[in-house]
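Novice: Can you look at this prediction? I've put the sequence above it.
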Amino acid sequence: MSLLFRILDGGLSTPARRTLGQRLTLGLGRWLALRHAHVQVPPSCMVHPEARIHPRTGTIRLGERCSIAAGAVVQGNVELGDDCSIQTGTILVGYGTRDDRAGLIRIGNGVRIAPMVMMIASNHRFDGDRPIRQQGMQHAPITIGDDVWIAGRVNVMAGVTIGRGCVVGAGAVVTKDIPPNSIAVGVPARVIASRTASRDAAVDAMY
């Protein structure tokens, strides 16, 4: 099946609908996602059939014109705003139920998520001597503001909020909230600059 999709979509790593084969591929991808109850995918979205989309016990809602590449995993309670893209190998897993969305992953409008990013909105409990597998999970939401770029291989931990307009550098591990318009890098991620300050410096350099 993978070979068939590569023939139909031309082998692109990001979904496109320029050719008949690409449109057929995306039609199947959207159908596969919508075969599950509690999944919303507007017709304007491009979802590759090799993306793994499943709401588990929650709800998945995609905004208009979102793009989900082959190999991406979107599961559980996850909401995307309009014009978001999720690249290959990225894993977004929200937790909780449709009534209790404590582990919701909420992504704003215009967010770019590069390959191999991971967001898991829950952690294992590990108190005392009881086996970890018997202690259950502690859910916590992940929130990404509008107009954020998350570069490749970034990990965003449960309970973190990344503010509007942020850029998170490749390989960063985000363990704490990042204020709006920040540029953050490293393990753990730390803010090294402000996009607003960068714009001001650029304007100053012009005069």
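Specialist: Yep, it's here.
Novice: contacting residues around the nearest residue to residue 34 once chain neighbours are set aside?
Specialist: Leaving aside its sequence neighbours, residue 34 sits nearest to residue 41 (Cβ to Cβ, 6 or more residues apart in numbering; 5.7 Å). Any C-beta I mention is one placed from the backbone N, CA and C, and that applies to glycine too. The neighbourhood of residue 41, defined by Cβ atoms under 8 Å, 6 or more residues apart in numbering, consists of 30, 33-34, 47, 62, 66.
Novice: Can you select the buried ones from these in PyMOL?
Specialist: The PyMOL command for the buried members of the contacts of residue 41 (criterion: 16 or more other Cβ atoms under 10 Å) is given here:
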select buried, resi 30+33+47+62+66
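Novice: I'd like to know which of the contacts of residue 41 are part of helices.
Specialist: 30, 33-34 (DSSP state H).
Novice: Can you find the helix or strand in this protein with the smallest mean pLDDT?
Specialist: Using mean pLDDT, DSSP states H and E, the weakest-scoring helix or strand in the chain turns out to be helix 195-205, at a mean of 66.
Novice: can you map out the helices along this protein?
Specialist: 2-9, 20-34, 195-205.
Novice: nearest to residue 140, of the ones you listed?
Specialist: Taking Cβ to Cβ, helix 20-34 is the member of those nearest to residue 140, at 25.8 Å.
Novice: C-alpha coordinates for that closest one, PDB please?
Specialist: Taking Å, rounded to 0.1, in the frame of the first residue of the first chain, the C-alpha atoms of helix 20-34 are listed here in PDB:
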ATOM      1  CA  LEU A  20      -5.200  13.700  -9.700                       C
ATOM      2  CA  GLY A  21      -3.100  11.000  -7.900                       C
ATOM      3  CA  GLN A  22      -2.400  13.400  -5.000                       C
ATOM      4  CA  ARG A  23      -6.100  14.400  -4.800                       C
ATOM      5  CA  LEU A  24      -7.100  10.700  -4.700                       C
ATOM      6  CA  THR A  25      -4.600  10.000  -2.000                       C
ATOM      7  CA  LEU A  26      -5.800  12.900   0.100                       C
ATOM      8  CA  GLY A  27      -9.500  11.900  -0.400                       C
ATOM      9  CA  LEU A  28      -8.600   8.400   1.000                       C
ATOM     10  CA  GLY A  29      -6.700  10.000   3.900                       C
ATOM     11  CA  ARG A  30      -9.600  12.200   5.000                       C
ATOM     12  CA  TRP A  31     -12.000   9.200   4.700                       C
ATOM     13  CA  LEU A  32      -9.700   7.100   6.900                       C
ATOM     14  CA  ALA A  33      -9.600   9.800   9.500                       C
ATOM     15  CA  LEU A  34     -13.400  10.400   9.400                       C
END
